[in-house]
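Enquirer: predicted structure and sequence below. I'll ask about it afterward.
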Amino acid sequence: QQSLQGLLPTLSMNAVWNRGYLGPPSALRNPNYQVGLNLSLPVNFNVVSQAYDFLAAKAENRRAAGALEAVHRRVRRETASAYINLEKATRSYEVSARKEAFAEKNLSLVTDQYRQGSSDAIRLAQAQLDYLNAQVGRTGALHDIFINRAQYRLAVGEPLW
């Protein structure tokens with residue numbers, strides 16, 4: 001807009017009113033009125049350089065609009081990616097919780113079999129290890145949910161604290 005305004009002629013008007021007193025209040029007053037009007041037209045090489053400035057400003061405006069659209073696309077992509085990661089972590093937690101429940105039932109069965117003497121110590125140790133691994137997996141999935149939830153909130157612009 002400034003480049004376009006530089007191409008157009010400028011018109012300015014000035015008005016001045018001075019009122020001076022010469023002597024006592026009964027003396028003549030000396031009013032001074034002035035009105036001025038200025039018209040400035042861009043001519044010669046100034047018009048060419050201003051036209052080039054105007055075209056450069058239009059190109060910069062198009063570049064800025066493209067950059068803004070690229071930022072909008074990047075924000076949408078990051079938000080969608082953060083949401084997908086949060087959903088994936090939530091599903092992973094659900095699977096890990098089921099896996100832990102199955103491992104706990106298996107450990108309970110193997111423990112009962114071991115007490116009855118129908119299972120050996122190796123199978124009991126393996127069931128305990130499976131249960132421990134399932135607990136670690138569920139805890140890791142819960143950690144991933146908290147991290148991905150924070151990343152999603154950050155992506156949508158919510159404050160973390």
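Expert: The structure has been received and is ready for your questions. Numbering: from 1, shown residues only.
Enquirer: use CA for all of it now, contacts and neighbours both
Expert: Noted.
Enquirer: could you pull out the strands for the chain?
Expert: Counting by DSSP state E, the chain has strands at residues 10-21, 29-40.
Enquirer: what pLDDT, on average, does the first one get?
Expert: Per-residue confidence for strand 10-21 averages out to 71 on the pLDDT scale.
Enquirer: repeat for stretch 70-81
Expert: Averaging pLDDT along stretch 70-81 yields 94.
Enquirer: so how far is it from its chain's centroid?
Expert: Stretch 70-81 sits 9 Å away from the centroid of its parent chain (Cα atoms, centre = their mean, to the nearest Å).
Enquirer: contacts for it, please.
Expert: Stretch 70-81 has contacts (Cα atoms under 8 Å, 6 or more residues apart in numbering) with Tyr152, Ala155, Val156.
Enquirer: buried subset of those residues?
Expert: Buried positions within the contacts of stretch 70-81, assessed by neighbour count (16 or more other Cα atoms under 10 Å), are Tyr152, Ala155.
Enquirer: let's see which of the contacts of stretch 70-81 end up in helices.
Expert: Tyr152, Ala155, Val156 (DSSP state H).
Enquirer: so which of these comes closest to Gln1?
Expert: Nearest to Gln1 among those, counting by Cα to Cα, is Val156 at 33.5 Å.
Enquirer: now that closest one: closest residue in space that isn't a chain neighbour?
Expert: Computed as Cα to Cα, 6 or more residues apart in numbering, the closest residue to Val156 that is not its neighbour in sequence is Thr79, at 6.2 Å.
Enquirer: do Val110 as well
Expert: If the residues on either side of it in the chain are set aside, Val110 comes closest to Leu124, at 5.9 Å by Cα to Cα, 6+ apart.
Enquirer: pLDDT below threshold where in this protein?
Expert: 2-8, 18-32, 41-47 (pLDDT under 70).
Enquirer: what about the longest helix in it?
Expert: Max-length helix for the chain by DSSP H is helix 45-116.
Enquirer: so Gly36 touches Ala15, yeah?
Expert: Yes: with contacts counted by Cα atoms under 8 Å, Gly36 reaches Ala15, the gap being 6.2 Å.
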